[in-house]
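Peer 1: Take a look and give me a structure for this.
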Amino acid sequence: MEPTLVVIGISLRSAKLAMRERFLLNATQKSAALSALVRSDAIDEVIVLSNCNRTEFLVWTQNASEAANSVLRFLTRSTNLKLLEWSNYYRLVGDAAVAHVLRVTSGMDSAVFGEAEATNSILAAWQLAQRASTTGRFLDALMAKAFSVAGRVRQELGAASNMTTVAQAAVLVCREALGDLRHRRIVVLGAGQMALAAVKEFQGADAGEITIVNRSWDHALQLARQCKVKASHAESLWEQVLRADVVVSAAAQRVLLTREELEIVLRERKDKQLVVVDTAVPRTMDPSIRTLEGVTAHDLDDLCMTMDKLEARQEMLPRAERIVAEEAAGFRNKLLSESIVPTISAMRERLEVICQQEMDQLKEQFGPFTEDQELALEALSAHITQRISAALARQLKELPGRPELTTAIQQLFQLEVSKPMAEVKHSD
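Peer 2: Residues are numbered from 1 along each chain as shown. Model (predicted):
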């Protein structure tokens, strides 16, 4: 077994929205996951990332297989994960895991290519892990590298300024369904940043009447005034849907539009087509409404597919992949090589102690010695210590991919190398 990075997770590239909703973790659940996993078998350091696009566990471990089992046991216990569902989780190890983290942090694996939100999300996950004392020299170094690469990708490609956003994708799918939006009524659910983005994009598309509906009337009114559109109370939701051509949900809370209620509204609308776009995770609209006649429904997965097909993303992705491949090359071995420094220092100190103990015994048996003899013996002791430690240090540096040698030396000389995560694990 050797120290390595393991990434275990699901994302918009590997799992449908329904699966991602099921394992989406809130702030309290993420903190609980960190606390439980850092005390689990084979997990030395851990970061938990969970947002609308992915739920991932970044783990530094001495045993990749056992660490994966620890994550499996945690998910089984805390989320009632079934073995069949476990097949939706990818497990990346070593260099592949490093490259993946660099991609995610750079926004290359997000719905919006190069979006700053992807970088901010993993930064928040790292900060949470640091506050929980579940990271150490390895994951901290990985995160520093990841943010450096994200900065380089943005600097060289200017990705974020050229890519289609979720709100823009919502406008695209509405145009595909309805054509010209100039005389269409748009209802936007929510009053946060996503709602603001949606309103601005529909205004830019010269949409007709735009109305904001939100649980908080004050927030709805504030956004409506900011954007110079209409606001409506949550109690009038179905009245607004009855008149709407497009309903866009950007709600932060689960205000579900049910199939049964929408069927009633559709009977009143007769043959008028309704386009429903749900940008929220978890979804705020019943997924089964897409089977209703007269309804065209899109969720975040549909919008992601729209964005993935756009030419700008197809052009930028290979260029960004080359940057990641260049930056990831050799990083893990470099990280492992740097990790031998504490072992080398501890080994030299241990050799000095052993030689001093032997010198003391020699003096007791055959002393006292003259001053010149003692100087000669001390010089010989120092020479032996230096020769042995230099030879072993050379082997450790020349074979950074053989961490079992580091472990063997630590065991042979009974070295106590600092391992902060081990202290955390055994503190309770």
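Peer 1: doesn't residue 272 fall inside a strand?
Peer 2: No: using DSSP: H, G, I helix; E, B strand; the rest coil, the secondary structure at residue 272 is coil, not a strand.
Peer 1: In a helix, residue 164, correct?
Peer 2: No: looking at residue 164 with three-state DSSP, it is coil, so not inside a helix.
Peer 1: And it, how far from residue 367?
Peer 2: 83 Å (C-beta to C-beta, to the nearest Å). C-beta coordinates here come from the backbone N, C-alpha and C atoms, glycine included.
Peer 1: Equivalent analysis for residue 93, please.
Peer 2: Residue 93 is 57 Å from residue 367, by C-beta to C-beta.
Peer 1: With neighbour numbers in mind, choose between the two.
Peer 2: Taking other C-beta atoms under 10 Å, residue 93 and residue 367 do not tie; residue 93 has more neighbours (18 against 13).
Peer 1: Could I get the CA-only coordinates of stretch 40-50 as PDB?
Peer 2: What follows is stretch 40-50, C-alpha atoms only, in PDB (Å, rounded to 0.1, in the frame of the first residue of the first chain):
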ATOM      1  CA  SER A  40     -12.700   6.100   9.800                       C
ATOM      2  CA  ASP A  41     -10.300   3.400   8.700                       C
ATOM      3  CA  ALA A  42      -7.600   4.400   6.300                       C
ATOM      4  CA  ILE A  43      -8.600   8.000   5.900                       C
ATOM      5  CA  ASP A  44      -5.800  10.400   6.900                       C
ATOM      6  CA  GLU A  45      -7.200  13.700   5.400                       C
ATOM      7  CA  VAL A  46     -10.600  14.500   3.900                       C
ATOM      8  CA  ILE A  47     -12.500  17.200   2.100                       C
ATOM      9  CA  VAL A  48     -16.300  17.000   1.400                       C
ATOM     10  CA  LEU A  49     -17.600  18.900  -1.600                       C
ATOM     11  CA  SER A  50     -21.400  19.000  -2.300                       C
END
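Peer 1: quick one: it to chain centroid distance?
Peer 2: 12 Å (C-alpha atoms, centre = their mean, to the nearest Å).
Peer 1: Could you pull out the buried residues of it?
Peer 2: Neighbour counts over stretch 40-50 (16 or more other C-beta atoms under 10 Å) mark 40, 42, 43, 44, 45, 46, 47, 48, 49, 50 as buried.
Peer 1: distance of the spatially closest residue to the second one that is not a sequence neighbour from residue 374?
Peer 2: The one in question is residue 42. Leaving out its chain neighbours, the residue that sits closest to residue 42 by C-beta to C-beta, 6 or more residues apart in numbering is residue 66, at 3.7 Å. Plainly put, residue 66 is 51 Å away from residue 374 if you go by C-beta to C-beta.
Peer 1: which phi and psi does residue 211 have?
Peer 2: Here is the backbone geometry of residue 211 (degrees, to the nearest 10): phi -130, psi 130.
Peer 1: now it, nearest residue through space, not along the chain?
Peer 2: residue 230 is the one closest to residue 211 (C-beta to C-beta, 6+ apart), at 4.3 Å.
Peer 1: Where do the domain boundaries of the chain fall?
Peer 2: 4-162+313-333, 166-308, 340-425 (automatic domain parsing).
Peer 1: And the ones you listed, which one averages the lowest pLDDT?
Peer 2: Of all the domains of the chain, domain 340-425 carries the lowest average pLDDT, namely a mean of 70.
Peer 1: and stretch 135-148, how far out from the chain's middle?
Peer 2: From the chain centre to the centre of stretch 135-148 is a distance of 13 Å (C-alpha atoms, centre = their mean).
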